[in-house]
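My questions are about this predicted structure, shown below with the sequence.
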Amino acid sequence: MTDSISMQSVRTRPRTDRFNYYHLSGCVLVGTYVLMLLGAYTSAIGAGLSCPDWPACYGTVVPFLHPEIINSSPYTALQIFAEWAHRGVAMLVGFGILATTGAAYRLQKQPLVRRTAAVALLLLPLQVVLGGLTVTANLEPLIVTSHLGTAIVILLMLCTTTVIDYSADQSGIDASSKKRSLTKGN
């Protein structure tokens with residue numbers, strides 16, 4: 001009976017009150033992990049240079065709108081798609097990291113949540129440059145390794161941010177002051 005009452009009260013509250021910081025940071029954390037897997041897949045199928053320029057791919061944003069590019073490339077359409085998708089997901093994750101850090105400073109009282117989100121954001125420009133150098137330096141092993149290492153540190157920062165906020169939310173830390181939702185300013 002208690003569970004049904006508590007679930008009933010959760011359902012009747014506005015959606016914005018149920019959306020906490022860890023939902024955003026958790027989504028960005030998962031997105032970062034998926035991005036890393038996509039990068040590994042791209043490398044494993046030999047597609048790391050299938051878009052020979054950067055940030056464009058064969059001089060265009062969407063190479064698949066130009067069949068002549070795909071047909072004349074020494075790479076398969078799958079290889080080009082994998083590299084192109086990796087870049088697209090990286091852009092989305094980058095905006096997610098920016099939003100996560102902004103939300104951390106707007107909504108969080110825990111200094112460690114703010115600091116770890118800030119470290120992830122500060123590493124983002126380096127990660128973008130390393131991603132570009134990975135292509136333009138022809139998969140230089142030190143650059144590829146640095147690109148992966150930076151991704152791991154960003155992933156760890158996002159994991160720390162998410163876990164600390166979730167743990168604090170579950171244990172009632174900061175319960176004396178109502179947490180602000182991402183969509184409501186208080």
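Cool, got the structure.

Give me the next element, helix or strand, following the helix or strand bottoming out on mean pLDDT in the chain.
Every helix and strand in the chain was compared by mean pLDDT, DSSP states H and E; the lowest is helix 15-18, with a mean of 41. Following helix 15-18 in sequence order, the next helix or strand is helix 21-44 (DSSP states H and E).

For the next helix or strand after that following helix, C-alpha coordinates in CSV please.
Toward the C-terminus, helix 21-44 is succeeded by helix 67-72 as the next helix or strand (DSSP H and E). C-alpha atoms of helix 67-72 as CSV (Å, rounded to 0.1, in the frame of the first residue of the first chain):
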residue,chain,number,x,y,z
PRO,A,67,27.2,9.5,-53.8
GLU,A,68,30.2,10.3,-56.0
ILE,A,69,32.3,10.8,-52.8
ILE,A,70,31.3,7.4,-51.5
ASN,A,71,31.8,5.6,-54.8
SER,A,72,35.2,7.1,-55.4
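
confidence score at Val61?
If you check Val61, the pLDDT there is 92.

What is the neighbour count of Tyr109?
Just to correct that, residue 109 is Lys rather than Tyr. By other CB atoms under 10 Å, 11 other residues sit near Lys109. (Glycine included, C-beta is placed from N, CA and C.)

now it: how far from Gly31?
25 Å (CB to CB, to the nearest Å).
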